[in-house]
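Trainee: A predicted structure for the sequence below; I have some questions about it.
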Amino acid sequence: MVGCNPQGLGVHKPIILAGILSRMLATINDAPTDVLDPDFVSILTMLGVVLVSAIVLHLILGWILGRMGRMTKGKMRWGGVVAGALRLPIGLAIWLLAATFVIEHGAALWAHFSKSDGNIAADVEHLVRDVLPDIRIMIGVFCGTLFVSRVVRRTQAMIERQATDTGAEMDMTALQALFGIGVVIVWVMGIIVGMQSLGMNMSAILTIGGIGSAAFAFASKDVIANFFGGIMVLFNRPFRVGDWVVVKGVEGGIERIGLYATYIRTGDKRLVYVPNSVFVSGVIENTSKRTNRRLNETIGVRYDDFDAVEPIIGDLAALFEGDDAIDHDQAVRVTFGGYGDSTIDISILAFTSTTSIAEYAKIRERLMLEVGRIVQKHGADFAFPTMTVDMPVGSK
């Protein structure tokens, strides 16, 4: 008789099951068969019902999930992801669970042919009551873990496909690494649940693992901070590859966004390696996201041209308010700026419609040359630093 002490099940359940099956097959093979025995016919009928039910259920669910798996548009695309991920696990679950019921009824058939052997009856009871229920739980845990991991992978594939279709720039290496870590976490959790279902005491293992994890986390806190900083950058998207940013005194274009660090190419073509933890605690200025470029200038005319200041301001205001390159939904101001040491200042504030630095430079050049022409048209001139020396009367 195979040992049936519930305290000793644990990881020996597959061995117990294999031993029972081998003995069962040998007994059934040697036993005389009475096809008219009602118990025998009932057991065979149940075996047929289990197999037919598994086939029908597999075909129906396979057809339904196949239809759902083709839903890849709009909000229904997530239904397609889930359905596509569920087809393999649900098929495995149906046939593996059906196999356990076949074993259960086969054990009943074994007991039927060995009515005189009390040990066999005890083995069958142990198999049906202790071994098979736990095996079904393990099948459920395995298929559930497989389903979640396939959802993670199909979500990754959908995001990559959308990025390709829309032309969005994305660090595919970082994306694959992130989802790969997610799959590993899913399987680790599945293994823990499965081991727990086998009767193993996971408290001590998790306690030791927790202490080791805490020590590891403390030793590698900078690495972890950079890793989670990279995840936040990937999800929050404060910038993309190609954007021009300013962060912690570093200014340049984003070349690559990794899980540990981001690479920035500065204006003088230096490559700067910035740990991702900087983006969690620092202020990020993404100049590529600006909607306009500001034109903020101050011009100074001579004090001798005081009477021409108001006409100049009027013409300059007309110039900027009528120019098509200026965004008139934003503030446009040409005003008296104050009295300087050698100048009467005129302040100009406007925003160009373009964000391109090259186009902005051409617009600024054209407008500022026109400003000079307007000043000269009114007989005025730009001031330059001067010094007046007052001599006392009668001095030599």
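Mentor: Noted; the coordinates are in hand. Since we're looking at a predicted model, the values are computed, not measured.
Trainee: check which helix or strand G66 maps to.
Mentor: helix 38-69 (DSSP states H and E).
Trainee: same check on D315?
Mentor: helix 309-321.
Trainee: residues in contact with the closest residue in space to L92 that isn't next to it in sequence?
Mentor: Excluding its sequence neighbours, the residue lying closest to L92 (Cβ to Cβ, 6 or more residues apart in numbering) is C143, at 5.5 Å. Every C-beta, even on glycine, is put in place using the N, C-alpha and C of the backbone. Neighbour list for C143: P89, I90, L92, A93, L96 [criterion: Cβ atoms under 8 Å, 6 or more residues apart in numbering].
Trainee: on contacts alone, who are the packing partners of the helix holding G66?
Mentor: Applying 3 or more Cβ pairs under 8 Å, 6 or more residues apart in numbering; DSSP states H and E, we find helix 38-69 packed against helix 77-113.
Trainee: any idea which helix or strand comes after the helix or strand where the residue nearest to L92 lies?
Mentor: Using DSSP H and E, C143 maps to helix 132-166. Downstream of helix 132-166, the first helix or strand assigned by DSSP H and E is helix 172-197.
Trainee: re earlier: which one of the contacts of C143 is nearest G372?
Mentor: Proximity of these to G372 (Cβ to Cβ) peaks at P89, which lies at 75.5 Å.
Trainee: that closest one: how many residues sit nearby?
Mentor: Residues near P89, counting by other Cβ atoms under 10 Å, number 20.
Trainee: per-residue confidence at the nearest residue to T266 once chain neighbours are set aside?
Mentor: Spatially, and ignoring its direct neighbours in sequence, T266 is nearest to G252 (3.8 Å; Cβ to Cβ, 6+ apart). pLDDT recorded at G252 is 92.
Trainee: confirm that G252 sits in a helix.
Mentor: No. Using DSSP: H, G, I helix; E, B strand; the rest coil, the assignment for G252 is strand, not a helix.
Trainee: contacting residues around it?
Mentor: For G252, the contacting residues are W244, V245, I264, R265, T266, G267, R270, V272, by Cβ under 8 Å, 6+ apart.
Trainee: and the gap between it and G229?
Mentor: In this view, G252 and G229 are 18 Å apart by Cβ to Cβ, to the nearest Å.
Trainee: give me the low-pLDDT residue ranges for the stretch 251-396 of the chain?
Mentor: Residues of the stretch 251-396 of the chain meeting the criterion pLDDT under 70: 259, 386-396.
Trainee: wait, G242 sits on I254?
Mentor: Yes. Using Cβ atoms under 8 Å, G242 is in contact with I254, at 6.3 Å.
Trainee: higher neighbour count, the two?
Mentor: I254 (22 against 10).
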